[in-house]
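J.: Take a look and give me a structure for this.
(one chain, ligands or ions: 3)
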Amino acid sequence: MKALVWHGKEDIRCDTVTDPEIEHPRDAIVKVTSCAICGSDLHLFHNFIPAMLPGDIMGHEMMGEVVEVGSGVNGKLKKGERIVVPFTIICGECEQCKAGNFSVCETTNRKKYLADKVFGHSTAGLFGYTHLTGGYPGGQAEYVRVPYADATHIKVPDGIPDEQVLFLGDIFPTGWQAAVQCDIKPTDTVAVWGCGPVGQMSIRSAILLGAKQVVAIDYLPDRLSMAEAGGAITINFDEESVIERLEELTNGKGPEKCIDAIGFESHVTPFQPDTILDRTKQMLMLQNDRAHVLREMIYVCRPGGVISIPGVYSGFADKVPMGPLMNKGLTIRTGQTHVNRWTDDLLRRIEDGQIDPSFVITHTAGLDAGPEMYKVFRDKQDSCIKVVLKP
Ligand SMILES: NC(=O)c1ccc[n+]([C@@H]2O[C@H](COP(=O)([O-])OP(=O)(O)OC[C@H]3O[C@@H](n4cnc5c(N)ncnc54)[C@H](O)[C@@H]3O)[C@@H](O)[C@H]2O)c1
Ligand SMILES: [Zn+2]
Ligand SMILES: [Zn+2]
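T.: Residues are numbered from 1 along each chain as shown. Ligands and ions are numbered 1, 2, ... in the order given. Next comes the predicted model:
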């Protein structure tokens with residue numbers, strides 16, 4: 001089959017590889033009908049997260065048709081069914097899965113010893129996301145093996161186009177969880193840093209959850225326009241001070257809730273000198289993570305407020321202002337998304353017409369064009385916001 005294969009920094013190729021097979025009774029094989037490139041894939045593209053190996057298949061946002069099931073799937077999934085595959089591989093049986101904390105499933109990381117060493121404790125296995133999370137082949141491919149498939153799936157009805165349900169596997173529940181973790185009240189201002197796909201989903205989720213106002217921050221005009229179309233007030237950080245404008249919008253009190261939809265690859269610009277220092281330290285391997293956005297959020301957030309972090313961080317960040325964080329009594333909530341905790345509700349909202357997540361798609365291409373589309377997405381060429389690939 002064809003698949004997008006990681007060969008090294010900024011080197012992803014569309015290769016012919018061996019078709020996946022059932023390896024364990026709880027496996028299923030899915031013929032991928034649609035898959036997407038995620039902002040998280042860019043961290044791997046840039047080789048910032050350790051433990052990728054040449055030959056690893058990329059991709060963790062995919063859906064398709066079940067073509068084969070193992071004997072241990074026990075009728076929970078059948079050949080011919082249409083599913084979205086959550087990016088988190090879940091057993092459905094461990095203490096964490098039972099508590100709904102699916103992204104920290106205790107069972108599915110088959111290279112648990114690596115994650116135990118790096119994180120202190122292992123987290124769930126993930127598709128196409130380094131050997132720290134199991135080294136499982138991803139779904140930017142014609143076929144994908146789904147381990148623990150009896151639990152690791154989201155069934156979707158026929159009749160809804162792929163584009164409307166595909167993002168149930170990652171960015172839609174990610175934006176939703178980021179907003180839910182803010183415990184939004186009708187009097188709240190929610191500020192969202194980053195208007196990439198995750199930021200866009202966070203903005204619409206915060207509005208659906210009833211925020212008084214949502215403020216979206218980025219510097220890319222097309223992304224800010226999409227945020228505005230979703231109901232947000234926008235701030236272009238290249239043109240005005242984020243702190244001053246947020247103060248103005250909240251009568252000098254600061255937003256109650258702040259969402260970091262950027263993560264550790266925050267934009268580097270001479271207008272924000274700390275970002276230059278961060279980049280230098282990152283290159284010298286003195287830190288992994290660029291913390292500009294965390295600094296800005298902690299500084300501007302209203303005392304007693306919440307900082308919600310769906311953006312991915314990889315290791316250590318410098319100069320995170322612990323004094324203001326502690327003295328202002330802020331709460332930090334974060335995590336890889338507990339996808340299946342949210343998807344029944346979110347599928348119903350799509351079916352009800354409350355939201356159509358396909359609004360974020362700007363580019364659709366074949367798998368062969370995948371390597372080029374990584375660059376188009378990374379460099380925001382041609383107003384690119386979200387790429388869907390059709391294997
Ligand atoms: N927690 C999870 O489970 C989960 C799931 C999916 C994605 N993610 C993470 O979410 C983050 C965003 O993903 P995405 O697909 O939207 O990526 P993206 O790279 O397309 O979007 C990031 C956006 O942030 C903007 N930005 C950069 N620096 C900024 C700054 N200082 N202020 C304001 N905006 C700034 C960029 O211009 C860009 O539009 C990534 O870190 C990704 O890994 C996490
Ligand atoms: Zn992702
Ligand atoms: Zn589990």
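J.: Contact partners for Phe78?
T.: Wrong residue type there; residue 78 is Lys, not Phe. Val66, Val69 (CB atoms under 8 Å, 6 or more residues apart in numbering). The way it works is simple: take the backbone N, C-alpha and C, and place the C-beta from them, glycine included.
J.: Then Gly100?
T.: His338, Arg341.
J.: pLDDT score assigned to it?
T.: Per-residue confidence for Gly100 comes out at a pLDDT of 98.
J.: for Phe271, same thing?
T.: For Phe271, pLDDT reads 86.
J.: now it, nearest residue through space, not along the chain?
T.: Asp238 (7.1 Å; CB to CB, 6 or more residues apart in numbering).
J.: Would you tell me what helix or strand the one you found is located in?
T.: Under DSSP states H and E, no helix or strand contains Asp238.
J.: Over to Phe377?
T.: helix 370-378.
J.: Dump the C-alpha coordinates for that helix into PDB.
T.: Extracted in PDB, the C-alpha atoms of helix 370-378 (Å, rounded to 0.1, in the frame of the first residue of the first chain):
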ATOM      1  CA  GLY A 370       1.000  14.500   1.000                       C
ATOM      2  CA  PRO A 371       4.800  15.400   1.200                       C
ATOM      3  CA  GLU A 372       4.100  18.700  -0.600                       C
ATOM      4  CA  MET A 373       1.000  19.400   1.500                       C
ATOM      5  CA  TYR A 374       3.100  19.100   4.700                       C
ATOM      6  CA  LYS A 375       5.100  22.100   3.400                       C
ATOM      7  CA  VAL A 376       2.000  24.000   2.200                       C
ATOM      8  CA  PHE A 377       0.400  23.600   5.700                       C
ATOM      9  CA  ARG A 378       3.600  24.400   7.600                       C
END
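J.: What residues does Trp342 make contact with?
T.: Pro173, Trp176, Gln177, Val180.
J.: Sitting in helices, which of those do you find?
T.: Cross-referencing these against helices under DSSP state H gives Pro173, Trp176, Gln177, Val180.
J.: any idea how far the residue nearest to Met63 when sequence neighbours are not counted is from Leu346?
T.: Among residues not flanking Met63 along the chain, Val84 sits closest, at 4.2 Å (CB to CB, 6+ apart). According to CB to CB, to the nearest Å, Val84 stands 10 Å off from Leu346.
J.: joint contacts of the two?
T.: Common neighbours of Val84 and Leu346 (CB under 8 Å, 6+ apart) are Leu168.
J.: Return the distance of stretch 151-166 from the chain's centre.
T.: Mean-position distance between stretch 151-166 and its chain equals 18 Å (CA atoms, centre = their mean, to the nearest Å).
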